[in-house]
Structures are given as C-alpha cells and as structure tokens.
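In: just coords:
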C-alpha cells in the first residue's frame, strides 16, 4: 500500500503577468494564503536587540548624508 501522507498537496496560488512581472493574483488569494504576521516587529526586536553600532545617530542634523567612500583603485600597485 502506498504511503499517501508523504505526497505533498500544497500548490502556489494563481499568478498574473509573466517573467519578472509575475505576481500573485490578489483576487485569487484567500485568508489562508496570506503572510500577515502582526507580531513580526516585536519578534524581530526580541531576536535582534539594538546595539550601539546599529542605533540611529541622534546628533546628526536631519537631511545630512554621510559621504560615500571613494571608489577602490583598480590598480594592483
């Protein structure tokens, strides 16, 4: 007798468009197809607590940008 529980039954929802413009059809999506996770932000903060290196600067004026590094030299000297 074949083992039926080892056969996958999931399938992706219908899509619209082709190639890089392909996207899931919002009309065909049901509540069970969604990825809504209201606790995602809280879980992210719990698993990735902010530290001094990743904290936003509080003394920089608004609209100020950090200058980019100059491009690396292609020379091997």
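Out: Received it, and whenever you're ready, just let me know what you need. None of these values were measured; they are calculated from a predicted model.

In: CA only for contacts and neighbour counts going forward, please
Out: Noted.

In: how near is residue 66 to residue 50?
Out: Relative to residue 50, residue 66 is positioned 21 Å away (criterion: C-alpha to C-alpha, to the nearest Å).

In: out of those two, which sits in the busier spot?
Out: Remark: of residue 66 and residue 50, residue 50 carries more neighbours, 11 against 7, as counted by other C-alpha atoms under 10 Å.

In: Tell me the secondary structure of the more buried one, please.
Out: On the three-state scheme (DSSP: H, G, I helix; E, B strand; the rest coil), residue 50 is labelled coil.

In: Next, the buried residues of the host helix or strand of residue 41.
Out: For residue 41, the host element (DSSP states H and E) is helix 40-47. With burial defined by 16 or more other C-alpha atoms under 10 Å, not one residue of helix 40-47 is counted as buried.

In: Which residues does stretch 11-27 contact?
Out: Residues from elsewhere that reach stretch 11-27 (C-alpha atoms under 8 Å, 6 or more residues apart in numbering): 28, 29, 33.

In: can you do 7 Å?
Out: Here stretch 11-27 makes contact (C-alpha atoms under 7 Å, 6 or more residues apart in numbering) with 28, 29.

In: now the end-to-end length of it.
Out: 17 Å.

In: tell me the strands in this structure, going along the chain?
Out: In the chain, strands defined by DSSP state E lie at 15-16, 23-24, listed in chain order.

In: Averaged pLDDT, the first one. What do you get?
Out: Think strand 15-16. In this model, strand 15-16 has a mean pLDDT of 93.

In: just stretch 39-49 next, same as before
Out: 89.

In: I'd like the distance from it to the chain centre, please.
Out: When distances are taken as C-alpha atoms, centre = their mean, to the nearest Å, stretch 39-49 is centred 14 Å away from the chain's centroid.

In: Equivalent analysis for stretch 38-56, please.
Out: Using C-alpha atoms, centre = their mean, we find the averaged C-alpha position of stretch 38-56 to lie 15 Å away from the chain's own average C-alpha position.

In: likewise stretch 19-27?
Out: Its chain's C-alpha centre and that of stretch 19-27 lie 17 Å apart, by C-alpha atoms, centre = their mean.
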